[in-house]
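# can you look at this prediction? I've put the sequence above it.
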Amino acid sequence: MDNININLSLSDEKTGSAKKQQRDKKSRRFSTKLISFFSAFLIVSVAVFAINISTINTVEAKSQSAVHKVKKKKYFRRSHKSRRYKRSRKIRKGKKRYKVRYKKSSRYQKGKKRYKKSRRSRKGRRFYKTGYAKSKRYRKGKERYKKNRKKRKSRRRYRARTCDQLSSATLHRKARPYHGTISHAARKYGVSSNFIKAVITVETCFRSGLRGTSGEKGLMQLMPSTAKRFGIKNRFSTWENIHGGTRYLSYLLKHFNGNKAYAAAGYNGGRGAVSKKTGPKFYAVRNYSRMVMNAYRKFTPRLIRVKSKKRRARKKNKT
């Protein structure tokens, strides 16, 4: 029994010491946490305080520098006034005195009198103008001027906007250097030379080095597809260009049964833009064919009607 009691007492002592140790450990942990928290709080507060002090110092320094600058400016202004402002003031005072003296002088008074005289004369001229505008003489002159103006307008030369509106003499003069090649092509392909000239007038007005926006080149503004079709290599050479253009015109004349207006429209807009029954489908193509026919009429010689002897005799008998 004694042994059992001794063993129980020893076990109780052991458990009590273990519990004490655990409590000590917990207290230590808590104390360390408190110390770390307080230290962190102190560090943060010190940092915030330092930042606030630095910002306050910077603001104060800026304000002081601004005040210093303003003071400097004021000082410089005062110094500037003290040196130059007084001189300028003296000069202004002298100018005022000079003005007063000049107004009292004889020279100023003479100039004033002259100005008044000229003013009166100017006023008189104005009144004269208004009086003359109401007179009969002025009205008659105005009417004559209007009549002469109408005559001058009618005498003004007519300026052609397009090449087909030029006179026949000028068109013949422009076509003269290309006459040989045009006549040769006309004989070869059975197209009238005047019709070829008319097409050239509307296309380029006899300027060989022109180039269009959609790839056409030369005198007759051949497209690359038509040049390939008729075997033309250099479209800028006048001989090849005119021969290729006349060949295409002969093909169009055959297609439209010799109708020149339709052939001209087909040359501009293509064969599909012109129907055999109704003619050109679009306004631009129609306008082009009109221009070509107008130029063709100017190239063809007009027939001069000669009155026969029988007609003259009839007229005499009637009278």
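Everything's here; your move. Residues are numbered from 1 along each chain as shown.
# name the spans of the stretch 201-319 of the chain whose pLDDT lies under the cut-off.
Within the stretch 201-319 of the chain, the stretches with pLDDT under 70 are 303-319.
# for it, what spans make up the strands?
274-275, 279-280 (DSSP state E, counting those that start in this stretch).
# adding distance to residue 61, write those out as a markdown table.
Backbone N, C-alpha and C define where each C-beta goes, glycine included. Listed next are the strands of the stretch 201-319 of the chain as a markdown table, based on distance: least, Cβ to Cβ, whole Å:
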| stretch | distance to residue 61 |
| --- | --- |
| strand 274-275 | 92 |
| strand 279-280 | 90 |
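# turn those strands into CSV, including distance to residue 204 and mean neighbour count.
Formatted as CSV, those follow (distance: least, Cβ to Cβ, whole Å; neighbours: other Cβ atoms under 10 Å):
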stretch, distance to residue 204, mean neighbour count
strand 274-275, 22, 20
strand 279-280, 21, 18
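# and of these, who's closest to residue 34?
strand 279-280 (106.7 Å; Cβ to Cβ).
# what's next to the closest one, contact-wise?
Strand 279-280 is contacted from outside by 261-262, 265, 269, 273-274, 286, 289, using Cβ atoms under 8 Å, 6 or more residues apart in numbering.
# buried ones in the one helix or strand residue 185 maps to?
Using DSSP states H and E, the element containing residue 185 is helix 179-189. Across helix 179-189, burial judged by 16 or more other Cβ atoms under 10 Å covers 181-182, 185-186, 189.
# out of the strands of the stretch 201-319 of the chain, which gets nearest to residue 148?
strand 279-280 (45.9 Å).
# pairing partners for that closest one, with directions?
strand 274-275 (antiparallel) (DSSP bridges).
# give me the residues contacting the strand it pairs with.
256, 262, 265-266, 280-281, 285.
# likewise stretch 204-217?
Residues from elsewhere that reach stretch 204-217, judged by Cβ under 8 Å, 6+ apart: 163, 174-175, 177-178, 200, 218-224, 235-236, 238, 241.
# among the residues you listed, which ones are buried?
Among the contacts of stretch 204-217, those scoring as buried are 163, 174-175, 178, 200, 218-223, 235, 238, 241 (criterion: 16+ other Cβ under 10 Å).
# ok, so of those residues, who is nearest residue 115?
Once Cβ to Cβ is applied, the member of these that ends up nearest residue 115 is residue 163, at 63.7 Å.
# show me the residues around that closest one that make contact.
171, 201-202, 205, 295.
# nearest residue to residue 244 in space, please, no chain neighbours.
residue 232 (4.2 Å; Cβ to Cβ, 6 or more residues apart in numbering).
# measure stretch 212-227 end to end?
15 Å (Cα to Cα, to the nearest Å).
# show me where the stretch 151-300 of the chain has helices.
All helices of the stretch 151-300 of the chain, identified by DSSP state H, counting those that start in this stretch, fall at 168-175, 179-189, 193-203, 224-229, 238-255, 260-269, 283-299.
# which outside residues touch the fifth one?
Yep, that's helix 238-255 we're talking about. 178, 181-182, 185-186, 188-191, 195-196, 199-200, 208, 217-220, 222, 226-227, 230, 232-235, 259-260, 262-263, 266-267, 271.
# list the buried residues for it?
So for helix 238-255, counting by 16+ other Cβ under 10 Å, buried means 238, 240-253.
# then the last one?
The neighbour-count criterion (16+ other Cβ under 10 Å) identifies 285-286, 288-293, 295-296, 298-299 as the buried residues of helix 283-299.
# before we move on, the earlier item: will you turn the contacts of residue 163 into CSV that also has distance to residue 150?
Putting the contacts of residue 163 into CSV (distance: Cβ to Cβ, whole Å) gives the following:
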residue, distance to residue 150
171, 31
201, 34
202, 34
205, 33
295, 32
